[in-house]
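A.B. asks: based on what follows, work out the 3D shape:
(chains A and B)
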Protein chains: 2
Amino acid sequence: MIDICLAGTGGMMPLKNRWLTTCYSEVQGNGILIDCGEGTQIALAQADINTNRINTLLITHFHADHISGFPGLMLSLKNFQKTSPLYVFCPPGGKEIIKNLSCICDDLPFKIFIDELPPDRFFSFESPGQKDFVIISAPMRHTKKCLAYRLTLNRKPVFNPEKAKELNIPLQYWKVLHRGEDVEFDGKIFTTDMVTDGERNPLTYTYATDTRPNDNLIELAEKSDLFICEGMYGDDENVEDLRKKGHSNFIDAAMAAKKADVKELWLTHFSPAMPNPYVYKDSIRKIFQNTKIPKDGFKKTL
Amino acid sequence: MIDICLAGTGGMMPLKNRWLTTCYSEVQGNGILIDCGEGTQIALAQADINTNRINTLLITHFHADHISGFPGLMLSLKNFQKTSPLYVFCPPGGKEIIKNLSCICDDLPFKIFIDELPPDRFFSFESPGQKDFVIISAPMRHTKKCLAYRLTLNRKPVFNPEKAKELNIPLQYWKVLHRGEDVEFDGKIFTTDMVTDGERNPLTYTYATDTRPNDNLIELAEKSDLFICEGMYGDDENVEDLRKKGHSNFIDAAMAAKKADVKELWLTHFSPAMPNPYVYKDSIRKIFQNTKIPKDGFKKTL
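C.D. replies: Numbering: from 1, shown residues only, chains lettered A, B, ... in the order given. Sure thing, here's the model as predicted:
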């Protein structure tokens, strides 16, 4: 199960009624935040997110609207007495930028570990503290080095206690078998498949913002249960200027969702010049039917 | 005339319904902002402040809740196509900190000039572009180098056109005389006092936050028309801990207002642990009658 909350949906500049785009997800009490623009800590509070659970921060790129909330969030985590480490994954250059921004964060009671990810290829790594939760980063096409992320929870098959009872397997071995290890007792070897009910599909969502349409995006998002994608504007007006600045609009996102054959699309990173993105709902659903145009704090559990 | 807006009133951490303390004032179209914590640009927008008019930023000290909104504000000023310089005045160390925070502000179309003010004595300087608006900084007592500010608008005497007409002074000399320069024509010398109606009192407000009670504060605030002062808590509970952390409460602020003989006191920098500062209104007015406990966006024109 992955709880996902798109706490903010804005691009460039926070508005009175729209936070900068930021996405929180939680798996078994471990929180992963993607991007952290100004006001993220308030956006999370408004969405009733317990920020203290954040152990991982993924940064798409280092434009201010995706990172300027970092010092404030750190100070709040300090006030909430976080002591466990924070793991940051980001494009190259991030170590220095985060060091710079941390100059106003005194005496943090937790460690920050920063990994700069390859800017030019797909890269896969385990989510800290959660080895069945795998993250893949992929290079996007923006005016700065920019990464999109695909997060996958590989789920164990469902344990069937009836099967275990039938085989007279003692209780203390059930967990061991469920996590995939063989067990030997009474001279016999027992394997996971003997006490489970087959495979379960992994759960996957992909988050991409600040990019021109590109093939990496389609490949990364392929068959995601949820695809959260930038849509700066609702239509193709000024599309040349948009491309020059390294962005996508609703149509680009919907086309990518269709090509990648995802189950559901959420749009985000709305331009401050677009006060009402919801008017494009019908037109965009003609391209990709299961499209949502979320408001800040929109939630779903995969 | 000085327009003053206390756009935010919070300390430490922005809340869902309370911005971090920040004060905007405007004199003849020149905007001065004091402190710039996370979300300041949104707080200003909510208070209908035209941020593009900000030409001066005064920083009390470099804890994150007083400066973390800086990169976001810069990006927004860029989006609003500001081209005129921004003058920053701050405690020592500010040049490096602002340089660090600016690492996520690319290609700003305006210059930033930074003056580090003396941390150990009163210091007076003219407000940029406004020589009749004088700012005095004074060292406070916090856990970091911290300054409070007194801002004074020295007003010209009121020009009396009847007097000028009676003396047959040509129209082109009226402005010259009003700004205090002598004029010679027809073999006679004319002086300002001949065409004005006496002196006007200067207008003064003082802003102080994150400090233990101290004598500098009383001296700085003396006879201010408005005194905006930190009050972390409403009463004396936990006062020792408060002092250790370098803060004042409502009682300290009201006592300072009384000693400094100011006209009006506004409290600010409320602790996130104090959701309802307004319950202390009656008790605090017993110490200093003309006390306001403002909500974000509270305004006054001096």
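A.B. asks: so who does the spatially closest residue to A:Q130 that is not a sequence neighbour touch?
C.D. replies: The shortest distance from A:Q130 to any non-neighbouring residue, by CB to CB, 6 or more residues apart in numbering or on different chains, is to A:N30 (5.2 Å). Heads up, the C-betas are built off the backbone N, CA and C, glycines and all. Applying CB atoms under 8 Å, 6 or more residues apart in numbering or on different chains to A:N30 gives the contacts A:53, A:55-56, A:127-130, A:133.
A.B. asks: if we use 7 Å, what do you get?
C.D. replies: With contact set as CB atoms under 7 Å, 6 or more residues apart in numbering or on different chains, A:N30 has these partners: A:53, A:55, A:129-130.
A.B. asks: and of those, the nearest to chain B?
C.D. replies: A:R53 (17.2 Å; CB to the nearest CB).
A.B. asks: what about the closest one, how many residues nearby?
C.D. replies: Around A:R53 there are 15 other residues, counting by other CB atoms under 10 Å in any protein chain shown.
A.B. asks: near chain B, which residues of chain A?
C.D. replies: By the rule CB under 7 Å from any CB of the partner chain, the part of chain A lying against chain B is A:12-14, A:16, A:38-39, A:41-42, A:45-46, A:62-65, A:67-69, A:71-72, A:75-76, A:79, A:97, A:100-101, A:103-105.
A.B. asks: make a PyMOL selection of whichever of these turn out to be buried.
C.D. replies: The PyMOL selection below is limited to those of the residues of chain A next to chain B classed as buried (16 or more other CB atoms under 10 Å in any protein chain shown):
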select buried, chain A and resi 12+13+14+38+39+41+42+45+46+62+63+64+65+67+68+69+71+72+75+76+97+100+101+103+104+105
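A.B. asks: are any of the contacts of A:N30 buried, and if so which?
C.D. replies: A:55, A:130.
A.B. asks: just to be sure, A:T143 is in a helix?
C.D. replies: No: counting by DSSP: H, G, I helix; E, B strand; the rest coil, A:T143 is located in no helix; its state is coil.
A.B. asks: which residues does it contact?
C.D. replies: Going by CB under 7 Å, 6+ apart, the list of residues near A:T143 reads A:245-246.
A.B. asks: quick one, phi/psi of it?
C.D. replies: phi -80, psi -10 (degrees, to the nearest 10).
A.B. asks: do the same with A:E162
C.D. replies: phi -60, psi -40.
A.B. asks: so for it, what's the pLDDT?
C.D. replies: At A:E162, the pLDDT value in this model is 93.
A.B. asks: so what's it up against?
C.D. replies: Neighbouring residues of A:E162 by CB under 7 Å, 6+ apart: there are none.
A.B. asks: check whether A:K95 really touches A:E116, as I assumed.
C.D. replies: Yes: with contact defined as CB atoms under 7 Å, A:K95 counts as touching A:E116 (6.2 Å).
A.B. asks: which residue does the stretch 201-302 of chain A have closest to chain B?
C.D. replies: For the stretch 201-302 of chain A, CB to the nearest CB, closest residue to chain B: A:P272, 7.8 Å.
A.B. asks: where does that residue fall, phi/psi-wise?
C.D. replies: Dihedral angles (degrees, to the nearest 10) for A:P272: phi -60, psi -20.
A.B. asks: tell me who's in contact with the residue nearest to it when sequence neighbours are not counted.
C.D. replies: The shortest distance from A:P272 to any non-neighbouring residue, by CB to CB, 6+ apart, is to A:M13 (4.8 Å). A:M13 is in contact with A:65, A:272, B:75-76, B:79, counting by CB under 7 Å, 6+ apart.
A.B. asks: cool, A:C146 as well?
C.D. replies: A:C146 touches A:60-61, A:91, A:140, A:210-211, counting by CB under 7 Å, 6+ apart.
A.B. asks: find the nearest non-adjacent residue to it, please.
C.D. replies: A:H61 (3.8 Å).
A.B. asks: ok so the one you found is a helix residue?
C.D. replies: No: the secondary structure assignment for A:H61 gives coil rather than a helix, going by three-state DSSP.
A.B. asks: what's around it, how many residues?
C.D. replies: 25.
A.B. asks: circling back to that earlier point, which pLDDT value belongs to the residue nearest to A:P272?
C.D. replies: 91.
A.B. asks: for it, what are phi and psi?
C.D. replies: phi -150, psi 130.
A.B. asks: likewise the one 10 residues further on?
C.D. replies: In terms of degrees, to the nearest 10, the main-chain angles of A:C23 are phi -130, psi 130.
A.B. asks: pull the contacting residues for it.
C.D. replies: Taking CB under 7 Å, 6+ apart as the criterion, A:C23 is in contact with A:4, A:6-7, A:34-35, A:207, A:228.
A.B. asks: same deal with A:E126?
C.D. replies: Applying CB under 7 Å, 6+ apart, the residues near A:E126 are A:V134.
A.B. asks: so what's it bridging to?
C.D. replies: On the basis of DSSP bridges, A:E126 is bridged to A:V134.
A.B. asks: next: the one 4 residues further on.
C.D. replies: According to DSSP bridges, A:S127 are recorded as the beta-bridge partners of A:Q130.
A.B. asks: now the closest residue to A:K111 other than its chain neighbours: how far from A:L57?
C.D. replies: Distance criterion CB to CB, 6+ apart; nearest residue to A:K111, sequence neighbours excluded, is A:P85 at 4.5 Å. With the distance defined as CB to CB, to the nearest Å, A:P85 ends up 11 Å from A:L57.
A.B. asks: neighbour count winner among these two?
C.D. replies: Neighbour count, other CB under 10 Å: between A:P85 and A:L57, A:L57 has more, with 24 against 14.
A.B. asks: and the more buried one, how far from A:N276?
C.D. replies: From A:L57 to A:N276 the distance is 31 Å (CB to CB).
A.B. asks: from memory A:D296 sits against A:A43, does it?
C.D. replies: Yes: using CB under 7 Å, A:D296 is in contact with A:A43, at 6.2 Å.
A.B. asks: in terms of neighbours, single out the busier of those two.
C.D. replies: A:A43 (29 against 21).
A.B. asks: helix, strand, or coil at the more buried one?
C.D. replies: A:A43 ends up helix, using three-state DSSP.
A.B. asks: what does the one 5 residues further on give?
C.D. replies: For A:D48, the reduced secondary structure class is coil; criterion used: three-state DSSP.
A.B. asks: state the distance from it to chain B.
C.D. replies: For A:D48, the distance to chain B (CB to the nearest CB, to the nearest Å) stands at 10 Å.
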